[in-house]
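**Student:** return a 3D structure for these sequence lines:
(one chain, ligands or ions: 1)
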Amino acid sequence: MITVIGAGLAGSLLALELAERGLPVHLLDSGRSDTATALSYGLLAPAAAGGWKRLQQRHGDLGLGRRWLQLGPRGLPLPGLQVDPQRFASGVAAALQRCGVQRLTQQLHDPDALAPLLARGPVVLACGGGCRRLAPQLDRRLRCSWAGILELPAGLRPAWPRGLARLPERFERQRLEQQAADLQQECWIVDGGLVPCGERLLAGQITLVRPEPDPGPPPEPALMERRLRAELARRWPGLADGPGHYRQAAVSFCSDGVPLVEPAGERLWVLAGFSGAFAQLPAAAAALAARISAQAG
Ligand SMILES: Cc1cc2nc3c(=O)[nH]c(=O)nc-3n(C[C@H](O)[C@H](O)[C@H](O)COP(=O)(O)OP(=O)(O)OC[C@H]3O[C@@H](n4cnc5c(N)ncnc54)[C@H](O)[C@@H]3O)c2cc1C
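**Tutor:** Next up, the predicted model:
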């Protein structure tokens, strides 16, 4: 039996790949609703479409669609792609069931919780910002930020042009993540994205990075929301000042941009720390599944 911990983008795609190779899989997840995948814009470059199209040919709708992107306030709309996180969640749940993956809701609290799972077979940590808590020995390149967005009500959608996604020319989040190891104190920044996701319109994101690689306790949501709204109000007055629901999640990243897709101990593997998760994960999950399958057989 192979246990995959984390049913976000990484763990779900890996579980599908393992099951397609005929391996018995348990997909274990805490069941939290605010995860990096659930709050994500889900955007990816058109060059990365192939992996998702092949996944959809095998598993049905996983949320892939076209999305016009405007980079910077004066940028012309460019064709891009988006995986709608809500459609992904329902599509992948059905695909996992068809493939015979058993899903279990369970929060693992510490490294000791891995021992009984490892006794049954290989274990993969695909639990994003939760990986270090279960395996503190992981490479210190794997870190965690806290990211928050403002979810604006569906009623605002008609005022928004053609479902256009507005993004900054360059994400400050990436710059902050690259500097993470040199930080002396926690730092936060706001990137002014405004992205339709299904019926929702996501405004933000605010990113908080700490000097330590561990995520630490979640930042105070009311404070994060105030900071986010204050910055967004300068870009989108009216929209960002109005009604909206603040949500935040832990997001794993690697400062050098190279994710962990590798062994992490005896029968233990890790799949985390992606900076372009929606573009990279179809191939990364397939590669890791092939490696685990080769060892199992
Ligand atoms: C606002 C925002 C916008 C983004 N936009 C983009 C984008 O446009 N394009 C892109 O490529 N990426 C984007 N990202 C990043 C991308 O969403 C993430 O890199 C990706 O979703 C991470 O997936 P994951 O499966 O590794 O983690 P998660 O989605 O966080 O999944 C981890 C799962 O593990 C579970 N878990 C954690 N700890 C435990 C435990 N101890 N026991 C049991 N279960 C546990 C959690 O409940 C969760 O379900 C964005 C992120 C945010 C927050």
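**Student:** what residues go with each domain of the protein?
**Tutor:** 2-65+85-140+259-296, 142-254 (automatic domain parsing).
**Student:** just say which of these is most tucked in.
**Tutor:** domain 2-65+85-140+259-296 (a mean of 19; mean count of other C-beta atoms under 10 Å). C-beta here means a position set from N, CA and C on the backbone, and glycine is covered the same way.
**Student:** let me see the mean pLDDT of that domain.
**Tutor:** Averaging pLDDT along domain 2-65+85-140+259-296 yields 97.
**Student:** for the ligand, see how far away residue 191 is.
**Tutor:** 9 Å (C-beta to the nearest ligand atom, to the nearest Å).
**Student:** return the residues in contact with that residue.
**Tutor:** 167, 168, 171, 172, 173, 204, 205, 206, 207 (C-beta atoms under 8 Å, 6 or more residues apart in numbering).
**Student:** and it, what pLDDT?
**Tutor:** At residue 191, the pLDDT value in this model is 96.
**Student:** related to what we said a few turns ago, next step: the contacts of residue 191 restricted to helices.
**Tutor:** Counted as lying in helices by DSSP state H, out of the contacts of residue 191, are 172, 173.
**Student:** quick check: bridge partners of residue 206?
**Tutor:** residue 148, residue 190 (DSSP bridges).
**Student:** mind listing the residues bridging to residue 253?
**Tutor:** Under the criterion DSSP bridges, residue 253 forms beta bridges with residue 143.
**Student:** isn't it right up against residue 141?
**Tutor:** No: counting by C-beta atoms under 8 Å, residue 141 is not a contact partner of residue 253; they are 9.2 Å apart.
**Student:** so who does residue 277 touch?
**Tutor:** 9, 10, 36, 37, 40.
**Student:** kindly report the same for residue 85.
**Tutor:** Residue 85 touches 37, 38, 39, 40, 42, 63, 197, 198, counting by C-beta under 8 Å, 6+ apart.
**Student:** next one: phi and psi at it?
**Tutor:** Per-residue torsions, residue 85: phi -60, psi -30 (degrees, to the nearest 10).
**Student:** how about the residues of the stretch 1-150 of the chain by the ligand?
**Tutor:** 5-11, 28-30, 32, 35-37, 39-44, 107-108, 126-128, 130, 133-134, 147, 149 (C-beta under 6 Å from any ligand atom).
**Student:** where does residue 19 land in three-state SS?
**Tutor:** helix (DSSP: H, G, I helix; E, B strand; the rest coil).
**Student:** contacting residues for the residue nearest to it when sequence neighbours are not counted?
**Tutor:** Closest residue to residue 19 apart from its sequence neighbours, by C-beta to C-beta, 6 or more residues apart in numbering: residue 99 at 3.8 Å. Shown in contact with residue 99 (C-beta under 8 Å, 6+ apart): 15, 16, 19, 20, 59.
**Student:** now do the helices in the protein.
**Tutor:** Using DSSP H, helices in the chain cover 9-20, 36-39, 49-59, 85-98, 114-120, 131-134, 172-178, 221-235, 277-296.
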